[in-house]
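Asks: show me how the following folds:
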Amino acid sequence: MAGLGRVLNLALLGFAAGGLLAGFGARWLHQPHWSVWLMIGGTVPVLLAVLIDSLASLVRREIGLDIIALLSIGGAVALGEYVTAGVIGLMLSGGRALEGFAAERARRDMSALLSRVPRTASRYRDSQLETIPLASIAPGDRLLVRAGEAVPVDGFVRDSTAVLDESALTGEPIPVTHRRNESIRSGAINAGDPFDMEATAAAAQSTFAGIIRLVQAAQDTKAPSVRLADRAAFLFTPVAVGLAGAAWAITGDPVRGLAVMVVATPCPLILGVPVAVVSGLSRCAGRGVLVKGGGALEVLGRARTLFLDKTGTLTAGRARVATIETAPDVSGDDLLRLAASLEQTSQHSIAQAVVTAARGRDLPLGLPSDVTEEPGAGLTGMLDGRHVSVGSHAYVAARAAPADWTGRFLRRMGHEGATGAFVAADGRMLGAILLADEIRPDSPRALRLLRQAGITRLVMLTGDRQDVAEAIGAALGVDEVRAEQRPEDKLGAIAEARAAGEVCAMVGDGVNDAPALAAADVGVAMGARGSGASSEAADVVLLVDRLDRLAEAFAVARGTRRIAMQTVAGGMGLSILAMIAAALGFLPPVSGAVLQEVIDVAAILNALRVLRVRIPGRPRVMLPAAEVARLQAEHERLAEPLARLRAAADQLATLSPAEAATALTAVEAVVRENLLRHEREDDAQLYPVIAHALGGDDPIAAMHRTHREVQQLGGALARMIADLPPEGPDQVAANDFRRVLYGLDAILRLHFAQENELYHSLTDAGDGRVRPGGAVVV
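Replies: Predicted coordinates for the structure are as follows:
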């Protein structure tokens, strides 16, 4: 339909331009009779198109500015103003063609999604490949995806590696590498070699099918600002007709009335506002944020209160190894390798988190035997000739002697709302692994950007305990924390805000968030890994797993609303001034038609400014993906030395002076060879690159200051070790050592968190995977 409309608009423009030029040519050849008929011939198709649009509006019980266009062209022909009629026809058809071009330009990113819908797929059947319709794919089918083809359904990579262009889904320009057994989403384009995949969903239930339904709904929905333009047009039409009639009646000159009608045809209201809204929808889609319609975009631009679910939205939503506690003679890596070797036989989420952490450190895992699992409690098995147990404290304590540190570790678990995997071997408690749902690296920055985008109140909703929720809320800087919330409690919080007159948005990712998403003025679903129910209930879906994209959507929505209102006010104001000038006789019909077209063009160009709305917080240059991968891997590598630093401080009070001297010497070497060297290399090599990417004068001065503090404490530790007496530290010296070690631990943990947040902001990766390629200029 869009293609047919474009052809018709160009045909009308060709008729109008051809008729006007031919008419002027006939007049130049002294053929006035032919000149009249040629101009009328070029105008009639435009007149018929306007008549059809006007009748369609009347059928819908709408009165728009097409009526004014109809009266203007018809009046010009009736009064013998054939040149005026031809110019109006040319300007009107030109305006329609320009509007179509602008709308197509604005809708480009959304149309890119629709253009990637696959029609068929290649399925393996009896060692043969067959081409089947998309609807015939069933879960479990093995499919071949050739180079350049779209992934037909949701599934996972079978036996090789897949390199996918997910730009139409997420807005990320760099291809994503998926390895064996990794999940992939339909709609992505194979940017590498052919690969096999296994379907996990039918076509109708796959990600891309849902996105297509949302895009089609978004393109068909009329925004409140567009309806506002329609209401303004309803008022503007009788004003224009009345002013034209008054000019005619007072002066007795019908041409004066015609001039008034001409400058009111067509008003930028029916051109600029729809283009602005479609531009906003397209801009959001290009950044991986699917807004289901212009109405949702309008409300998003007015929202000032934002409710956020905690788990999966502000936090990662999955367990991750936070720290490792060990007995004095056991290293953190040895404990993690022992636990992961046994846990790899379990499908429990905690077990998978332990295995993921071990593989992230490149630890060699052993193959256990005689493994028995008590669901929800733990596992026991043989590994390297040792009888190993991993699980809850109650499970492991029943198989090993208690250790003096377990009480402190259990209290820490309670304070932090975390869980723990205890590890024992041959009846001895070796240590424990603390696992927690950590704050997402982009959450603090995303909340700051949301405030910059106009959000004045941030409320965190969670089912967690009050103390755990308040700790996370304080770390993130939200305005209010509501803990122990059931789905009906979240509904009550939103109803309370709306009753107070607040325009509120809600962000969530789970099935339990769906009622709240539907109840809010605008609901936002974390669609990249959230539930289907939340995506269906929401008005906005984040197709990429980054909360900071929501801040970008808020900025675009506010810019769209502002520019649309400017178009309404500016277009009406300029048209009214032109109508007054025409009524007073200062603007003849032909000049009025040209002036009105200038106003129309200005309105459309103003509306297209939405495509250039500034998004706060975006750096000038993105870091190369390989560099980001190296930095992430470096922080993972430093997790174990950092854990040894804290463990040494914890154990210092229980060691003899000689043992303390040995432990302190060892930990000082770890600090010097790992942590301090890392900070020096960052200072010399990495930070200049980051400063260039961020721009401004010394944008990372605070990070440099942290490096100085780390180096100072590291130097103090080395000097204190050098001054140790042969017999080791006394109690006062041990306290000084603990102060320095705890200080280093706290500063480094905070500094690594800040760096991780900074790295995350300097890459367009939406899901934390490593992207191949170089720097991306923004």
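Asks: what packs against the helix or strand residue 388 falls within?
Replies: Element membership for residue 388 (DSSP states H and E) is strand 386-391. Under the contact criterion of 3 or more C-beta pairs under 8 Å, 6 or more residues apart in numbering; DSSP states H and E, strand 386-391 touches helix 332-343, strand 378-383, helix 393-397, strand 419-425. C-beta: built from backbone N, CA, C; applies to glycine.
Asks: what helix or strand is residue 196 on?
Replies: Element membership for residue 196 (DSSP H and E) is strand 195-199.
Asks: show me the contacts for residue 639.
Replies: Residues near residue 639 by C-beta atoms under 8 Å, 6 or more residues apart in numbering: 321, 361.
Asks: let me fix that, I meant to ask about residue 164.
Replies: Going by C-beta under 8 Å, 6+ apart, residue 164 touches 151, 175-176, 178, 184, 188-192.
Asks: drop anything exposed from those.
Replies: Among the contacts of residue 164, those buried by neighbour count (16 or more other C-beta atoms under 10 Å) are 151, 175-176, 178, 184, 188-192.
Asks: export the helices and strands packed on strand 386-391 to TSV and tack on mean neighbour count and distance to residue 635?
Replies: Below are the helices and strands packed on strand 386-391 laid out as TSV (neighbours: other C-beta atoms under 10 Å; distance: least, C-beta to C-beta, whole Å):
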stretch	mean neighbour count	distance to residue 635
helix 332-343	24	15
strand 378-383	21	29
helix 393-397	18	29
strand 419-425	25	22
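Asks: right, and these - which one's nearest residue 609?
Replies: Closest approach to residue 609 among those (C-beta to C-beta): strand 419-425, 50.7 Å.
Asks: next SSE downstream of the closest one?
Replies: Later in the chain than strand 419-425, the nearest helix or strand by DSSP H and E is strand 428-436.
Asks: ranges for the strands of the stretch 151-300 of the chain?
Replies: Secondary structure of the stretch 151-300 of the chain (DSSP state E, counting those that start in this stretch): strands at 155-157, 162-165, 176-178, 183-184, 189-190, 195-199, 289-291.
Asks: figure out which of the ones you listed is closest to residue 69.
Replies: Comparing those by their distance to residue 69 (C-beta to C-beta), the top pick is strand 289-291, with 31.5 Å.
Asks: in this structure, what helix or strand scores lowest on average pLDDT?
Replies: helix 108-115 (a mean of 53; mean pLDDT, DSSP states H and E).
Asks: after that helix, which helix or strand is next?
Replies: Immediately after helix 108-115, counting by DSSP H and E, sits strand 120-125.
Asks: and the angle from that next one to strand 195-199?
Replies: Put simply, strand 120-125 runs at 90 degrees to strand 195-199, going by axes from the mean of the first three to the mean of the last three C-alpha atoms, to 10 degrees.
Asks: and strand 120-125, how far from the chain's centre?
Replies: Centroid separation between strand 120-125 and its chain, computed with C-alpha atoms, centre = their mean, to the nearest Å, is 33 Å.
Asks: save the buried ones among the contacts of residue 164 as a markdown table, and put in distance to residue 704 and pLDDT too.
Replies: As requested, the buried ones among the contacts of residue 164 are exported to a markdown table (distance: C-beta to C-beta, whole Å; pLDDT from 0 to 100):
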| residue | distance to residue 704 | pLDDT |
| --- | --- | --- |
| 151 | 45 | 89 |
| 175 | 35 | 70 |
| 176 | 33 | 76 |
| 178 | 38 | 85 |
| 184 | 41 | 87 |
| 188 | 40 | 82 |
| 189 | 42 | 84 |
| 190 | 44 | 88 |
| 191 | 39 | 83 |
| 192 | 40 | 82 |
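Asks: what's the closest of the strands of the stretch 151-300 of the chain to residue 738?
Replies: Taking the strands of the stretch 151-300 of the chain one by one with C-beta to C-beta, strand 176-178 is closest: 44.6 Å.
Asks: so where's the stretch 51-200 of the chain shaky on pLDDT?
Replies: Filtered on pLDDT under 70, the stretch 51-200 of the chain yields the residue ranges 54, 57-58, 60-66, 91, 94-96, 98-117, 167-174.
Asks: going along the chain, name the helices of it.
Replies: Secondary structure of the stretch 51-200 of the chain (DSSP state H, counting those that start in this stretch): helices located at 66-78, 82-106, 108-115, 167-170.
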